[in-house]
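Student: Make a model of this:
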Amino acid sequence: MRIRNVVKVMNFHSLLRVDSARRNAEKYFEYEKEITDFADNILNNRNLILDKKILKLNKEDKPLNVYIGNDLGFCGNFNTNVNDLAKADSDIDKIIIGKKIINEKNNVILSMTKDEYPSKIGEIEDILYDAILNAKYSEINIIYNHYYNISKIELRKKKILPIENIKEEESQEKKHHLEDFAIEGDINSILRNIIVLYLSYEIKIATENSFASENIMRQTITKESLKKLDEIEEENLRNERKETNNKNFKKVLENFTNLNFKDE
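Tutor: Numbers count the residues shown, from 1 in each chain. Prediction:
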């Protein structure tokens, strides 16, 4: 009974969170598209690439990965797949968000719980700025459980830098890749700050999306657990009734036998 009460509380908390978390994640779908398009406009612009030679990554260096898990229990394999990738990526620098992601201090440059994440955004942005300033990494990726809809949640590894050029047949030769810019001030400093803001916002979007996935999975698992507990209770009740009936039948049979014996 105590287990049932605990699961009911977890299920209730998930129900309170799941709808708002889902709506929040869906709100960011369009934002994610727009901010990626914005960064693509800068990073893949032919004039900036050819004339300014800015924001070059070190293709020979290792990646930087951001792993996003959760802080709560009762989420099934929510963290398992993220943990498996984090373990396999032994030679990659890591930022970990979520206390249930295993932190073995192996190339982990920053670790935090999800609750701590808002207060750690400045530290994350410092790492990103240094990475761009000194061309430290070949790429930057986010690994998290992505919410697509209420029935589809999948582990996703998203490359947020470099932003790969969209194929011509998909973009119809994006005109803004050919646009020129009139720039005042230090172009490198301006663009570094813009790109850090873009990267930080991508991590924010992924964290919000992961929170929706976490609550949906938690609500689903606790609902299934409550159903299973109901089935177990029903089975136990049937067994108790069967045992009681057997005892009553045995008692009646004994009384009948004793009665017949006395008559003889």
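Student: quick one: the strands in the stretch 1-150 of the chain?
Tutor: Listed in chain order, the strands of the stretch 1-150 of the chain (DSSP state E, counting those that start in this stretch) span 64-68, 93-97, 108-112, 140-149.
Student: Now do the last one against strand 64-68, angle only.
Tutor: What it means is strand 140-149. 30 degrees (axes from the mean of the first three to the mean of the last three CA atoms, to 10 degrees).
Student: Same question for the second one.
Tutor: Here strand 93-97 points in a direction 20 degrees away from that of strand 64-68 (the same axes, to 10 degrees).
Student: Next, the angle from strand 93-97 to strand 108-112.
Tutor: Using the same axes, to 10 degrees: strand 93-97 against strand 108-112 is 0 degrees.
Student: Show me what strand 93-97 is in contact with.
Tutor: With contacts defined as CB atoms under 8 Å, 6 or more residues apart in numbering, strand 93-97 is touched by 62-69, 86, 103, 106-114, 117, 124, 127, 137, 203, 207. Where C-beta positions appear, they are placed from N, C-alpha and C, glycine not excepted.
Student: partners of that strand, with directions?
Tutor: Sheet pairing of strand 93-97 (DSSP bridges) gives strand 64-68 (parallel), strand 108-112 (parallel).
Student: again, but for the longest one
Tutor: In the sheet containing strand 140-149, its partner strands are strand 64-68 (parallel), strand 152-161 (antiparallel), by DSSP bridges.
Student: Can you give me the buried ones in it?
Tutor: Residues of strand 140-149 classed as buried by neighbour count (16 or more other CB atoms under 10 Å): 140, 141, 142, 143, 144, 145, 146, 147.
Student: Show the average pLDDT along that strand.
Tutor: Average pLDDT, strand 140-149: 89.
Student: Where do the helices of the stretch 101-250 of the chain begin and end?
Tutor: 117-133, 168-171, 187-263 (DSSP state H, counting those that start in this stretch).
Student: Can you flag the weakest of those helices by average pLDDT?
Tutor: Among the helices of the stretch 101-250 of the chain, helix 168-171 scores lowest, at a mean of 45.
Student: separation between residue 238 and residue 71?
Tutor: From residue 238 across to residue 71, the span is 39 Å (CB to CB, to the nearest Å).
Student: neighbour count winner among those two?
Tutor: Neighbours per residue, other CB atoms under 10 Å: of residue 238 and residue 71, the larger number sits with residue 71, 18 against 10.
Student: I'd say that one and residue 116 touch.
Tutor: No: at 9.2 Å, residue 71 does not count as touching residue 116 under the criterion of CB atoms under 8 Å.
Student: In PyMOL, how would I select the buried members of the contacts of strand 93-97?
Tutor: To isolate the buried members of those in PyMOL, using 16+ other CB under 10 Å:
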select buried, resi 63+64+65+66+67+68+69+86+103+108+111+112+113+114+117+124+127+137+203+207
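Student: Of the buried residues of strand 140-149, just say which sits nearest to residue 92.
Tutor: Nearest to residue 92 among the buried residues of strand 140-149, counting by CB to CB, is residue 141 at 8.8 Å.
Student: Surely that closest one and residue 156 touch.
Tutor: No: at 9.9 Å, residue 141 and residue 156 do not qualify as touching, with contact defined as CB under 8 Å.
Student: picking that back up, comparing the strands paired with strand 140-149 by mean pLDDT, which bottoms out?
Tutor: Mean pLDDT across the strands paired with strand 140-149 is lowest at strand 152-161; the value there is a mean of 89.
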